[in-house]
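Engineer: need coordinates for the following:
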Amino acid sequence: MLGRFMRIPISLLAFLLISVILLAFEPVLFAQSFTAEDEDCLGCHDGVDKTLTPTAHRLASTVDRPAVMIQCVSCHSGAESHFDDPGRGTIGNPALMEPSEIGELCTTCHESHLTSQTIGFDPHIGLELSCSSCHTVHGGNAELVVDEAGTFCGTCHVAVVNDFQHRSNHPLTGQNVTCLDCHGFTSSGEPDYGHGSGANCSRCHPQQGGPFLFEHEGTGSFTPEGAGCVACHSPHGSPNDQLLTQPDDRLCLQCHSAPPGHLTAHGGNLASYNCLDCHSEIHGSYDNLFLLDPLLGDKLASGPEGCFCHYYR
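Structural biologist: Here you go, the predicted structure:
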């Protein structure tokens, strides 16, 4: 028997072996052989690729040297069934998926968001929110957000929106700034997503950011309890001037007790002065350890002699 088997031509044996392999793995090979090009999709969905052009999700077929190979089927599954039976129910639509499914799909590429979640800094996790709650892939804007003004944040953060109604506020309602100007999300490492804490504020307020020869310690310290700019300022809005968390001297007295000498040395008319009337360089000073107003003598209309203690320290 073995002798007869050995007389079968090698080419026939090879053919029989390949046939067995094809039959065994037919489903896999068929699935891999099916391809869907962008032009096949755009034959019916004409112009949809234009909504992706200004974004990082632009189709690779529309770019000369694409850095990332993105196709319609990269996000939309079920193209094979959809070609045979066109309809909404035969194609995968990420916007209609469950939040967990959307997150799994998006983090296939956006691993940095997944890292932010796993380290425990994302308060949106567990709230049945998904990527599509804030992002729209075919929206046509570069940031891929539901609206570039960031008003979608107010859908959940109603209390914060109310803060902007105070008389002292950041001009969010006039669209001079948006939520996204201060709050970023990818790998921020901070629960409130305020990248860089005080450094975030000094991007728009460089004069208050220093560096100064004489620093106000509170502006440069960052603790779990919260400090830096937000130790004194309510970033969204406040009923007090300059977004201050407390009016007048109450803010200063939270950390500083009034020196006993002030009550005697600053008697008479000066006793009614507020801390900031004299210590106006509250963020820092280039020439005074006590953060005093450099024109304090002229301000008090008494000349240097009237402020002798301050001018010679």
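
Engineer: for the stretch 151-300 of the chain, what spans make up the strands?
Structural biologist: 168-169, 214-215, 237-238, 284-285 (DSSP state E, counting those that start in this stretch).

Engineer: kindly reformat those as JSON lines containing mean neighbour count, distance to residue 203 and mean pLDDT.
Structural biologist: For the C-beta atoms, the positions are set from N, CA and C on the backbone; glycine is no exception. JSON lines is the format used below for the strands of the stretch 151-300 of the chain (neighbours: other CB atoms under 10 Å; distance: least, CB to CB, whole Å; pLDDT from 0 to 100):
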{"stretch": "strand 168-169", "mean neighbour count": "16", "distance to residue 203": "18", "mean pLDDT": "92"}
{"stretch": "strand 214-215", "mean neighbour count": "15", "distance to residue 203": "19", "mean pLDDT": "87"}
{"stretch": "strand 237-238", "mean neighbour count": "20", "distance to residue 203": "19", "mean pLDDT": "92"}
{"stretch": "strand 284-285", "mean neighbour count": "20", "distance to residue 203": "17", "mean pLDDT": "89"}
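
Engineer: distance to residue 104 for those - can I get that in CSV?
Structural biologist: As requested, these are exported to CSV (distance: least, CB to CB, whole Å):
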stretch, distance to residue 104
strand 168-169, 39
strand 214-215, 47
strand 237-238, 38
strand 284-285, 48
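
Engineer: OK, contacts around the nearest residue to residue 233 once chain neighbours are set aside?
Structural biologist: Spatial nearest neighbour of residue 233, chain neighbours left out: residue 243 (4.3 Å); criterion: CB to CB, 6 or more residues apart in numbering. The contact partners of residue 243, by CB atoms under 8 Å, 6 or more residues apart in numbering, come to 168-170, 233-235, 237.

Engineer: what's the neighbour count on residue 44?
Structural biologist: By other CB atoms under 10 Å, 10 other residues sit near residue 44.

Engineer: and for it, nearest residue in space, chain neighbours not counted?
Structural biologist: Residue 44 sits nearest to residue 86 (CB to CB, 6+ apart), 6.9 Å away.

Engineer: that neighbour against residue 43, yeah?
Structural biologist: No - assessed by CB atoms under 8 Å, residue 86 is found out of contact with residue 43, at 10.6 Å.
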